[in-house]
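A.B. asks: just coords:
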């Protein structure tokens with residue numbers, strides 16, 4: 001452990017303890033000698049202004065002054081090598097999962113992280129080529145639009161934009177109060193209160209054009225209302241669930257499905273013959289059926305009957321396309 005990490009660990013030990021910490025425990029925790037520990041304590045107290053109280057003799061112990069402990073924090077950014085490495089890996093994940101998104105904004109952060117990491121004894125550069133991120137169905141996203149949308153969410157300000165619906169191809173003007181921004185299946189969505197339609201809606205950020213952050217404060221909706229409307233049903237489609245779907249998977253597919261997260265309220269169990277039965281709530285069948293279709297003959301929609309018939313029609317249309 002280098003001096004940087006010893007100082008940080010010493011600070012965290014003293015700040016988290018309600019009682020004096022013995023000299024021997026500090027030596028053991030930090031892996032250093034008595035002389036080194038006293039030098040670190042002196043630096044923490046004299047140079048950084050830590051409110052350290054201490055005793056003397058063989059039973060020496062140290063603590064932060066109770067009245068000052070809550071208010072005192074180390075100046076600047078203090079992170080261990082492991083924490084810095086984790087941040088660098090997270091930065092790389094963000095950069096590779098959405099090329100161009102926040103690239104300019106994150107560049108100074110990455111440079112600062114590398115500088116801090118090199119200041120440590122280990123100082124080695126992370127082998128970022130060892131991090132492999134594979135996007136699936138990622139759509140092109142305008143970086144400037146994303147920043148405006150995300151900025152409005154954080155600043156709690158109303159947002160005006162043009163929205164081109166993918167289902168109809170039509171463009172409409174929207175005035176919304178942003179609630180939160182969501183990353184779902186490698187793409188970004190804005191959950192917002194639509195003022196004209198007086199309801200909660202989800203917007204694909206890649207379909208938002210010319211966003212403008214307004215001075216008017218956003219109208220905040222209750223978190224319970226957001227979750228009930230935007231997260232109660234399967235997938236990205238909003239609205240309360242209108243039914244529960246029951247899907248059965250073959251013993252072969254069950255090995256994967258049993259470990260998959262389809263919905264926060266899903267119910268699943270193995271059948272006696274090795275098949276796996278999964279139940280999920282849904283309001284719009286489109287995305288659910290798309291996910292079931294990828295399992296081909298290893299999946300069967302059991303109920304409700306309307307959903308089973310809808311799946312049957314999709315399969316018949318697919319067969320018809322191949323017959324020609």
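C.D. replies: Cool, got the structure. What you see is a predicted model; the values in this text were computed from it and never measured. Numbers count the residues shown, from 1 in each chain.
A.B. asks: What ranges does this structure have for its helices?
C.D. replies: Applying DSSP state H to the chain gives helices spanning 3-16, 23-30, 34-42, 66-69, 81-97, 103-119, 143-155, 223-230, 251-257, 285-293, 305-323.
A.B. asks: Can you give me the neighbour number for residue 183?
C.D. replies: 12 (other Cβ atoms under 10 Å). All C-beta atoms are positioned from the backbone trio N, CA, C, and that covers glycine.
A.B. asks: can you check the one 10 residues further on too?
C.D. replies: Using other Cβ under 10 Å, the number of residues around residue 193 comes to 21.
A.B. asks: residue contacts, the residue lying closest to it once chain neighbours are set aside?
C.D. replies: Closest residue to residue 193 apart from its sequence neighbours, by Cβ to Cβ, 6 or more residues apart in numbering: residue 177 at 4.3 Å. Residue 177 makes contacts with 158-159, 192-193, 195, 218-221, as judged by Cβ atoms under 8 Å, 6 or more residues apart in numbering.
A.B. asks: Counting neighbours, which of the residues you listed comes out on top?
C.D. replies: residue 192 (29 neighbours).
A.B. asks: Beta-bridge partners for that one, please?
C.D. replies: residue 178, residue 201 (DSSP bridges).
A.B. asks: still on that earlier bit, could I get the contacts of residue 177 as CSV with distance to residue 252?
C.D. replies: CSV is the format used below for the contacts of residue 177 (distance: Cβ to Cβ, whole Å):
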residue, distance to residue 252
158, 51
159, 47
192, 42
193, 45
195, 50
218, 48
219, 49
220, 47
221, 44
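A.B. asks: and which of those residues is nearest to residue 15?
C.D. replies: The closest of the contacts of residue 177 to residue 15 turns out to be residue 220 (Cβ to Cβ; 33.7 Å).
A.B. asks: How about the contacts made by the closest one?
C.D. replies: Per Cβ under 8 Å, 6+ apart, neighbours of residue 220: 156, 177, 179.
A.B. asks: Got the confidence number for it?
C.D. replies: Note on residue 220: pLDDT of 93.
A.B. asks: Kindly report the same for residue 74.
C.D. replies: In this prediction, residue 74 carries a pLDDT score of 81.
A.B. asks: got the phi/psi numbers for residue 233?
C.D. replies: Taking degrees, to the nearest 10, you get phi -110, psi 170 for the backbone angles of residue 233.
A.B. asks: Spatially nearest residue to it (excluding sequence neighbours)?
C.D. replies: Leaving out its chain neighbours, the residue that sits closest to residue 233 by Cβ to Cβ, 6+ apart is residue 283, at 3.8 Å.
A.B. asks: what number of residues lie near that neighbour?
C.D. replies: The burial count assigned to residue 283 is 17, neighbours taken as other Cβ under 10 Å.
A.B. asks: Could you do the one 10 residues further on as well?
C.D. replies: When counting by other Cβ under 10 Å, one arrives at 14 neighbours for residue 293.
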